[in-house]
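K.L.:
test case, fold it:
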Amino acid sequence: MSERGDGAGAADGGRGPLILVHGLGASKSVWDPVVPLLAREREVIALDLPGFGAAPSLPAEVEPTAGALAGALREQLAGRGIDTFDVAGNSLGAWVGLELGRLGAARSVTCLSPAGLWRRPLGPAKGTTRIWARRLRPLVPLALRIPPLRRRALRTFAAHPENIPPAAGRELVLGWIDADGYDGANKAMREHIFEPQGYPPEVAVTIAWAEHDRLVGPPREERRPAGARFLVLPGVGHTPMWDDPELVARTILEGSAVPSTRPQSFRA
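P.N.:
Numbers count the residues shown, from 1 in each chain. Now for the predicted structure:
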């Protein structure tokens, strides 16, 4: 859960750090395209969720729900003297961000294609793609050197997979295959839903849904925290950081600058 791309921004305004949380199967490196843009104005800390990237998994007896993952991040940040902050997350990371807000740690939460805002639990995963990917793991780096295969592998996440550098694409796919925490976090994510009732009204929430998201549909209003700001990010996919870094950075900076929640819907 180490940081990547810290930077103290001149226009921070005393708000403290901006925490970035990746989605299921990814790592903090997915934020690489936007960290330099954010760091112009904010101190930025990108974290690996437990069981992903370089971070160890939660103890075996702890179910890796979004709430448990949020608790682990809060504890890790508190150990570094960081008690309150703004957070932006993608997919499962957005749900984790919402739980950090529920815990009273996050002042604002900017959610990029958040998981968990579906109406009912999704149930067990039915696909076998990851099983076969793990079996063929030695061949994956070679296959990803072929541009058409690399684009096909990445188009689930990005509307413009050609924008993802080859090395970053390999890291994304291999990170998904190798993550020790994937199976547990995926199971927990699919067995639970985010509970918007009673969400702290003082936490400013922005929900930004990607127009070309292939994984998560736009959440209905009743599944969002009361007063959450909703917008559509045009031309981008579920993990939009490579599709349009400037748009993502602007959305996060605006979301983290919102002084209070307010109902609003529009296109970015």
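K.L.:
list phi and psi for the spatially most central residue of the chain.
P.N.:
With distances taken as CA atoms, centre = their mean, residue 90 lies nearest the centre of the chain, 2.1 Å away. Dihedral pair for residue 90: phi -120, psi 130, per degrees, to the nearest 10.
K.L.:
who does it bridge with?
P.N.:
Listed by DSSP bridges, the beta-bridge partners for residue 90 are residue 112.
K.L.:
tell me the contacts of it?
P.N.:
The neighbourhood of residue 90, defined by CB atoms under 8 Å, 6 or more residues apart in numbering, consists of 21-23, 26, 30, 112-113, 238-241. For glycine as for every other residue, the C-beta is placed from the backbone atoms N, C-alpha and C.
K.L.:
among these, which one sits closest to residue 69?
P.N.:
residue 21 (8.5 Å; CB to CB).
K.L.:
so how far is residue 143 from the closest one?
P.N.:
29 Å (CB to CB, to the nearest Å).
K.L.:
which of the two has more neighbours?
P.N.:
residue 21 (29 against 14; other CB atoms under 10 Å).
K.L.:
for the residue lying closest to residue 212 once chain neighbours are set aside, the count of nearby residues, please.
P.N.:
By the measure of CB to CB, 6 or more residues apart in numbering, the closest residue to residue 212 outside its immediate chain neighbours is residue 159, 4.0 Å from it. For residue 159, the count of nearby residues is 22 (other CB under 10 Å).
K.L.:
circling back to that earlier point, so which of the contacts of residue 90 sit within strands?
P.N.:
21, 112 (DSSP state E).
K.L.:
okay, the contacts of residue 90 in TSV with pLDDT and distance to residue 51 next?
P.N.:
Output for the contacts of residue 90, formatted as TSV (pLDDT from 0 to 100; distance: CB to CB, whole Å):
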residue	pLDDT	distance to residue 51
21	98	13
22	98	12
23	96	13
26	94	12
30	97	16
112	98	21
113	97	21
238	96	20
239	96	18
240	97	23
241	98	21
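K.L.:
for the contacts of residue 90, which one is nearest residue 220?
P.N.:
Using CB to CB, these come closest to residue 220 at residue 113, 14.7 Å.
K.L.:
ok now do the closest one, which residues does it touch?
P.N.:
So residue 113 contacts 90-91, 94, 208-210, 213, 215-216, 238-240 (CB under 8 Å, 6+ apart).
K.L.:
weed out the non-buried ones from the residues you listed.
P.N.:
Among those, those scoring as buried are 90-91, 94, 208-210, 213, 216, 238-240 (criterion: 16 or more other CB atoms under 10 Å).
K.L.:
hang on, the earlier thing: can I get the contacts of residue 90 in CSV with distance to residue 125?
P.N.:
Output for those, formatted as CSV (distance: CB to CB, whole Å):
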residue, distance to residue 125
21, 22
22, 19
23, 15
26, 17
30, 21
112, 22
113, 18
238, 16
239, 18
240, 23
241, 24
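K.L.:
which one of the contacts of residue 90 is nearest residue 131?
P.N.:
residue 26 (19.1 Å).
K.L.:
and the closest one, how many neighbours?
P.N.:
When neighbours are counted by other CB under 10 Å, residue 26 comes out with 26.
K.L.:
do the same with the one 3 residues further on
P.N.:
Around residue 29 there are 20 other residues, counting by other CB under 10 Å.
K.L.:
which non-adjacent residue is nearest it?
P.N.:
Nearest non-adjacent residue to residue 29 (CB to CB, 6+ apart): residue 171, at 5.8 Å.
K.L.:
what packs against the helix or strand where the one you found lies?
P.N.:
For residue 171, the enclosing helix or strand under DSSP states H and E is helix 166-178. With contacts taken as 3 or more CB pairs under 8 Å, 6 or more residues apart in numbering; DSSP states H and E, helix 166-178 sits against helix 129-135, helix 140-143, helix 147-154.
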